[in-house]
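Chemist: Sequence and predicted structure are below.
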Amino acid sequence: MKLALIGYGKMGVRIEEIAVARGHEIAAVIDPHAKEKTSRLGAEIAASFDAADIANNLGEADVAIEFTQPDSVVGNIRELSRRRIPAVIGTTNWFHRLDEVKRIIEMDGSRLLYAPNFSLGVNILYRIVSYAAQLMDSFPEYDVGGYEIHHNEKKESPSGTAKILVEKIITAMKRKKTPVWDALDRPPSPEEIHFSSLRVGAEPGSHAARFDSPADTIEIKHTARNRDGFALGAVRCAEWLANEEDGGVERRGVFTIDDFLEDV
């Protein structure tokens, strides 16, 4: 499989290493800060670029893995979709534009897979916390909140993973309806769930849901040791997306990591 890497930060570097170790070829790297790579035009594949120029920069990629910035990702998706290059999207904080992206992919007959987090462990965490929240909904003496910790270079807060985790809890608990991400200078209301963020040092990423009562505390937590789990998940999803056939049916449209997990 030939991969195009759109964005070549720390995650992109690790994705390249894991992809090559799994026998894949890097057809293109597009990033303004990637020295001596195939393109320094910018992490956003702008519509103003000449089409032939873009094609040259993408090489003969079978699939693209995109880890850039929220303000670049939809433009990147649009240009990849126009060229029918399957795209695995690791950028977060753009999901409010998901309907727009679905229309783009459907119009072009292309395919895309996105996830707020490509770690297998985090996606298992979602399921464990969702089930725990469902159980706890019958026990009002247990309140619920949580926190996430990331390195001090992470640009967004809260993380996309935290947003999904809170969404899972709210879906499972009828008595919790509203997330609160900011600092509180008052007691939270019974229907609110407070979820905090900390940015410090080189922490790869920790997420925790905390069920607390006057008698005890139950905390469910995932802590990443490094970026390997995230990078491997993205490469595994790219391998799955590059396969055009799904049970004899041509695979088209917008998918999530849940589709990949269910299939494998």
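Modeler: Structure's in. What do you need? Numbers count the residues shown, from 1 in each chain.

Chemist: secondary structure class for the most centrally placed residue in the chain?
Modeler: Most central residue of the chain, judged by C-alpha distance to the mean C-alpha position with C-alpha atoms, centre = their mean, is residue 116 at 2.4 Å. Here residue 116 is coil, with the state taken from DSSP: H, G, I helix; E, B strand; the rest coil.

Chemist: same thing with residue 64?
Modeler: When classified by three-state DSSP, residue 64 comes out as strand.

Chemist: Contacts only, for residue 142.
Modeler: The contact partners of residue 142, by C-beta atoms under 8 Å, 6 or more residues apart in numbering, come to 136, 211-213, 218. Every C-beta, even on glycine, is put in place using the N, C-alpha and C of the backbone.

Chemist: What about it? Give its phi and psi, please.
Modeler: phi -100, psi 120 (degrees, to the nearest 10).

Chemist: how close does it sit to residue 219?
Modeler: Computed as C-beta to C-beta, to the nearest Å, the residue 142 to residue 219 distance reads 12 Å.

Chemist: Can you pull the residues that touch both of those two?
Modeler: When C-beta under 8 Å, 6+ apart defines a contact, the residues bordering residue 142 and residue 219 alike are residue 211.

Chemist: Of the contacts of residue 142, which belong to helices?
Modeler: Among the contacts of residue 142, DSSP state H puts residue 136 in helices.

Chemist: Of the contacts of residue 142, grab the buried ones for ChimeraX.
Modeler: One line in ChimeraX is enough to select the buried ones among the contacts of residue 142; burial here means 16 or more other C-beta atoms under 10 Å:
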select :136,211
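
Chemist: Tell me which two in the contacts of residue 142 are the farthest apart.
Modeler: With C-beta to C-beta as the measure, no two of these lie farther apart than 136 and 212, at 10.2 Å.

Chemist: residues bridging contact with the two, i.e. touching both?
Modeler: When contacts are counted by C-beta under 8 Å, 6+ apart, the set common to residue 136 and residue 212 consists of 142, 144.

Chemist: can you pull out the strands in this protein?
Modeler: 2-6, 25-30, 63-66, 87-89, 111-114, 143-150, 178-180, 192-199, 206-212, 217-223, 245-246, 249-250, 253-256 (DSSP state E).

Chemist: closest to residue 102 out of those?
Modeler: Closest approach to residue 102 among those (C-beta to C-beta): strand 253-256, 5.1 Å.

Chemist: since we're on residue 197, how many residues are nearby?
Modeler: For residue 197, the count of nearby residues is 16 (other C-beta atoms under 10 Å).

Chemist: what about it, distance to residue 230?
Modeler: Distance check for residue 197 against residue 230: by C-beta to C-beta, it reads 18 Å.

Chemist: How is this protein divided into domains?
Modeler: Structural domains of the chain, as assigned by automatic domain parsing, span the residue ranges 2-118+228-263, 120-223.

Chemist: Mean pLDDT for these - can I get that in a markdown table?
Modeler: Shown next, in a markdown table, are the domains of the chain (pLDDT from 0 to 100):
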| stretch | mean pLDDT |
| --- | --- |
| domain 2-118+228-263 | 84 |
| domain 120-223 | 95 |
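
Chemist: Buried deepest among those domains, which one?
Modeler: Looking across the domains of the chain with neighbours counted as mean count of other C-beta atoms under 10 Å, the highest average goes to domain 2-118+228-263: a mean of 18.

Chemist: returning to what we had before: next, format the strands of the chain as TSV and append distance to residue 159.
Modeler: Conversion of those to TSV gives the following (distance: least, C-beta to C-beta, whole Å):
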stretch	distance to residue 159
strand 2-6	20
strand 25-30	24
strand 63-66	17
strand 87-89	15
strand 111-114	15
strand 143-150	5
strand 178-180	13
strand 192-199	7
strand 206-212	7
strand 217-223	12
strand 245-246	30
strand 249-250	34
strand 253-256	17
